[in-house]
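got a predicted model here, sequence first, then my questions.
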Number of protein chains: 2
Amino acid sequence: VTDEFSLIERFFAPLAEGAGGAFALTDDAAVLPPMPGRNLVVTCDGMVEGVHFLATDPAETVGHKVLAVNLSDLAAMGATPLAYVLSIALPRTWMAADLEDWLAGCTAGLGAVQARFGIVLVGGDTVATPGPLSLTVTAFGHVPAGGELCRSGARPGDLIFVSGTIGDAALGLHVLQGATLGLDAEDQARLADRYRRPEPRVALGGHLVGLAHAAVDVSDGLVADLGHICRTSGVAARINTADVPLSPPAARAIDRDPALLAVVLTGGDDYELCFTLPSAAEPALAAIAARSGVAVQRIGLIEDFAAHGTRAAVLLQGPDGAPLVLDRNGYRHF
Amino acid sequence: VTDEFSLIERFFAPLAEGAGGAFALTDDAAVLPPMPGRNLVVTCDGMVEGVHFLATDPAETVGHKVLAVNLSDLAAMGATPLAYVLSIALPRTWMAADLEDWLAGCTAGLGAVQARFGIVLVGGDTVATPGPLSLTVTAFGHVPAGGELCRSGARPGDLIFVSGTIGDAALGLHVLQGATLGLDAEDQARLADRYRRPEPRVALGGHLVGLAHAAVDVSDGLVADLGHICRTSGVAARINTADVPLSPPAARAIDRDPALLAVVLTGGDDYELCFTLPSAAEPALAAIAARSGVAVQRIGLIEDFAAHGTRAAVLLQGPDGAPLVLDRNGYRHF
């Protein structure tokens, strides 16, 4: 019962139900019908155990996360999710019972996310590996042709916003690695859940089409991802760190250890949106945030790079208005 | 120079040149314009070192193979290739110089294949892994809406054809694992090259749209893949093994060791097309094969399963007309 075909039929084919072009995952490829006037948006993100998630993370949250992080990339483009394919490499050393338990959990996590966003699995690949568990999703969305949000559109004078709260996932990873951060168990659990179960800001991204000049999702860390916008747009950014929105647990952790502010500003895995728009668009944003069910907070200003006064693309101003220098500039994979 | 962003800029961005919607791989996702009247075809296949390719395989052939096997799936649907995304997990233990050498070779292999088929890289993901090197491609093609070739369309009375020659890749893997097969060095090299550098039958697949009833690419082995057609179509197949087309090196190997016929019939990695069509379509096929630059050979007949006379979906008849029983039914990953 553990050959590739029976695993696909038992665990993955149910995730493809209702998608005619997926052929119940029994064909060479999937077929998606044409969408006149819509651009197709494609993104691809992989996760390796021990690198992008922990060996102790429940299978259900691993399934949730690998799909959510890809939907977050679609959200950052303003795209409406459509479908996805999943490639999964399962450790050869796993016993059949463990494999089945893990797949049941993982596909439950995938299924819950896809149901919420109205998408289906349309294909993929299951292989055995001598290495660690790893998963790669390629996700598809659609956006009005020419309406996609790019990183390259930020202009001097734009206001910089983020959704939700920043830094919870990075602090949650510290918790899962054994740090208490001086917090009670409930606060710790809330931060850990933000690491394991990110919420892609799909509705907000869609509403930003035609309004935002540039957008990115916060996956590598706020400073690093805003830096991507700056580099591709040829601009700089000035952030007031006191304006960066914090959850109550994160605020309590920083109260106890102010050095954790650096973790919040540079840690990854939040999957909030960071975007820029002209000040004239600010009044429209409040209504959009309310309709999207997520708060947005202004955190800074896009500046002309030449007039910016520092060689770094992203300048952080601490609570006292003085420049804040951080140890590390976001998470890098190498 | 070995962080993710500089690797992407140096090695992968050149593969995205000319694709406006790829944003030079600097955005969250890629954008593909609408194709009125065309269905989008999506396939996903991964390869793990030590499982799907050998540690001794040159980087250039690994790049060739991972893209070619995905184009082969598109060919089996009758689709014209369009673009692809690549997720690559690089071993953490590699030194920077080895990493760069390997990526230079791999991207040369990818570049040669994409240039031949007129496609571009539009996105992907590069991660470090504690495990083996692995690569996953998701490839996109397009086909006239409703024209896609499926596995499920075979009907009793259909003739069964294969392209090219069968079994070379499986024999080539034996060679690369140290077997001589009693062959000279040139024959061995030709078989090994078929394992390392499969040729996706893209032109043939496209010409079969509207003509073939069912198609599959031979990746798991002729018997297993034809079995996929039989199961999804609810039919059976009768194959005359003497009609299965062999390359001169494969024919010489079987002359020396007739037991190798089982390897040929069940071995994987050929990436030829196996397809069925009504006998009325046979005259058109010769011209199509000539235009596609690949030979096709009739190997058997689709039968009504109930009248088939055996419980196996695929019945092999040996050179003497008697049923041939094989040890293993194609390659399975678990």
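Nice, I can see it.

so which residues of chain A form helices?
Applying DSSP state H to chain A gives helices spanning A:4-7, A:59-76, A:96-117, A:168-176, A:185-196, A:202-208, A:222-233, A:248-256, A:260-266, A:282-292.

of those, which approaches A:A139 most closely?
Among the helices of chain A, helix A:59-76 comes nearest to A:A139, with 3.8 Å by Cβ to Cβ. Where C-beta positions appear, they are placed from N, C-alpha and C, glycine not excepted.

so that closest one versus helix A:168-176, what angle?
Orientation of helix A:59-76 against helix A:168-176 (axes from the mean of the first three to the mean of the last three Cα atoms, to 10 degrees) gives an angle of 160 degrees.

does helix A:59-76 reach chain B?
Yes - contact of helix A:59-76 with chain B (Cβ under 8 Å from any Cβ of the partner chain) involves A:D73, A:L74, A:A76.

how about a markdown table for these, with neighbour count added?
Formatted as a markdown table, these follow (neighbours: other Cβ atoms under 10 Å in any protein chain shown):
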| residue | neighbour count |
| --- | --- |
| A:D73 | 28 |
| A:L74 | 31 |
| A:A76 | 36 |
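
just these now: which is nearest A:G37?
A:L74 (17.9 Å).

quick check: closest non-adjacent residue to that closest one.
Leaving aside its chain neighbours, A:L74 sits nearest to A:G141 (4.0 Å; criterion: Cβ to Cβ, 6 or more residues apart in numbering or on different chains).

what bridges to that neighbour?
Applying DSSP bridges to A:G141 yields these beta-bridge partners: A:V41, A:P81.

ok, it - contacts?
Each residue near A:G141 by Cβ atoms under 8 Å, 6 or more residues apart in numbering or on different chains is listed here: A:L40, A:V41, A:T43, A:L74, A:M77, A:A79, A:T80, A:P81, A:L82, B:A29.

ok, back up a step: could you dump the residues of helix A:59-76 next to chain B into CSV with pLDDT added?
Shown next, in CSV, are those (pLDDT from 0 to 100):
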residue, pLDDT
A:D73, 97
A:L74, 97
A:A76, 97
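
which of these lies closest to B:R92?
Comparing these against B:R92 with Cβ to Cβ places A:D73 closest, at 24.1 Å.

leaving out sequence neighbours, find the closest residue to the residue of the stretch 51-200 of chain A found nearest chain B.
Closest to chain B within the stretch 51-200 of chain A is A:G131: 1.9 Å, counting by Cβ to the nearest Cβ. Spatially, and ignoring its direct neighbours in sequence, A:G131 is nearest to B:G131 (1.9 Å; Cβ to Cβ, 6+ apart).

what's the neighbour count on the one you found?
Neighbours of B:G131 under the rule other Cβ atoms under 10 Å in any protein chain shown: 23.

pLDDT score assigned to the most centrally placed residue in chain A?
Nearest residue to the geometric centre of chain A (Cα atoms, centre = their mean): A:Y271, 3.1 Å. As predicted, A:Y271 sits at a pLDDT of 97.

beta partners for A:Q317?
Going by DSSP bridges, A:Q317 forms beta bridges with A:N240, A:P323.

that one contacts A:D243, correct?
No - A:Q317 is beyond contact range of A:D243, at 9.5 Å (criterion: Cβ atoms under 8 Å).

can you list the residues of the stretch 101-250 of chain A near chain B?
Taking Cβ under 8 Å from any Cβ, the part of the stretch 101-250 of chain A that reaches chain B is made up of A:122-132, A:134, A:136, A:138, A:140-141, A:143, A:145, A:148, A:150-152, A:215-217, A:228, A:231-232.

which single one of the contacts of A:G141 is nearest to B:R201?
For these, the residue nearest B:R201 by Cβ to Cβ is A:L40; the value is 25.7 Å.

now do the same contact list for the closest one.
A:L40 is in contact with A:L32, A:L82, A:F140, A:G141, A:H142, B:V31, B:L32, B:P33, B:P34, B:L40, counting by Cβ under 8 Å, 6+ apart.

looking at those residues, which is nearest B:A115?
Of all those, B:L32 has the smallest distance to B:A115: 19.3 Å, by Cβ to Cβ.

circling back: measure the residue nearest to A:G131 to A:L103 for me?
Here B:G131 is placed at a distance of 19 Å from A:L103 (Cβ to Cβ, to the nearest Å).

list the buried ones in the helix or strand of chain A with the lowest mean pLDDT?
One helix or strand of chain A scores below all others by mean pLDDT, DSSP states H and E: helix A:4-7, with a mean of 84. Residues of helix A:4-7 classed as buried: A:E4, A:F5, A:L7 (neighbour count, 16 or more other Cβ atoms under 10 Å in any protein chain shown).

can you flag which of the residues of the stretch 101-250 of chain A next to chain B belong to strands?
Cross-referencing those against strands under DSSP state E gives A:122-129, A:134, A:136, A:138, A:140-141, A:143, A:215-217.
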